[in-house]
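[1] What would the 3D arrangement of this be:
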Amino acid sequence: MRRLDFTKRSATPPLAAIIVFLLLAVGLLSAWRQWDLWALRVEVTRFESQLVERRMQHEREARRALAQSPEEKKVDLLLSAQSAEDRLRPLLLRSIEGAWAPTVAVMNLKIESGGKSAQLELMTAELAEVFAFVARLNAEQGVRATVMRHGIRSGDPNLATMAAVRVELR
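    Predicted structure coming up:
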């Protein structure tokens, strides 16, 4: 019975609690750094795989270019010239192309004044589609479009609407 002691023991010293708290903070900081390091490794691995993929694609393209026949080389030259032509296409034609809709048929396109204006002959099922086309053109920055004339196509059983539109750069 002498071993049993019912007296109140002294509380843990505050220094021990501070040390435990600091060890816990250091452990959490270390875990956060490890997670951050793991995330960076994953990102580096992803970038490396993308780089390897690009190198392999470049090598495939180089091998394909060496193995091309003369006809294929001509086709590639034409396609690259066409894409360069798209970049050099005037603003007027790009705006007409952007405003065009499948309900509007362009029957004739005449470019005038060195690419600064154009005359369009259009055919649609309804006159409202012509005015919607002109409104889309006028919404473009630096482009002005006007309907010059419109009417029903003579002799057409479907009563298609013909219109002449003038498009100019401002």
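[2] Helices along the protein, start to end?
    Listed in chain order, the helices of the chain (DSSP state H) span residues 14-66, 70-88, 91-99, 127-139.
[3] Quickly, which of these bottoms out on average pLDDT?
    Lowest mean pLDDT within these: helix 70-88, at a mean of 73.
[4] what sits against residue 149?
    163-164 (Cβ atoms under 8 Å, 6 or more residues apart in numbering). Using the backbone N, CA and C atoms, a C-beta is placed for each residue, glycine as well.
[5] Enumerate the beta-bridge partners assigned to it.
    In this entry, residue 149 is beta-bridged to residue 164, by DSSP bridges.
[6] Next one: it from residue 96, what distance?
    18 Å (Cβ to Cβ, to the nearest Å).
[7] could the helices of the chain go into JSON lines alongside distance to residue 109 and mean neighbour count?
    JSON lines is the format used below for the helices of the chain (distance: least, Cβ to Cβ, whole Å; neighbours: other Cβ atoms under 10 Å):
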{"stretch": "helix 14-66", "distance to residue 109": "37", "mean neighbour count": "10"}
{"stretch": "helix 70-88", "distance to residue 109": "16", "mean neighbour count": "10"}
{"stretch": "helix 91-99", "distance to residue 109": "8", "mean neighbour count": "17"}
{"stretch": "helix 127-139", "distance to residue 109": "13", "mean neighbour count": "17"}
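[8] how about those helices in CSV, adding distance to residue 153?
    Output for the helices of the chain, formatted as CSV (distance: least, Cβ to Cβ, whole Å):
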stretch, distance to residue 153
helix 14-66, 50
helix 70-88, 33
helix 91-99, 22
helix 127-139, 12
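[9] so which of those helices gets nearest residue 107?
    Comparison of these against residue 107 by Cβ to Cβ identifies helix 127-139 as nearest, at 12.2 Å.
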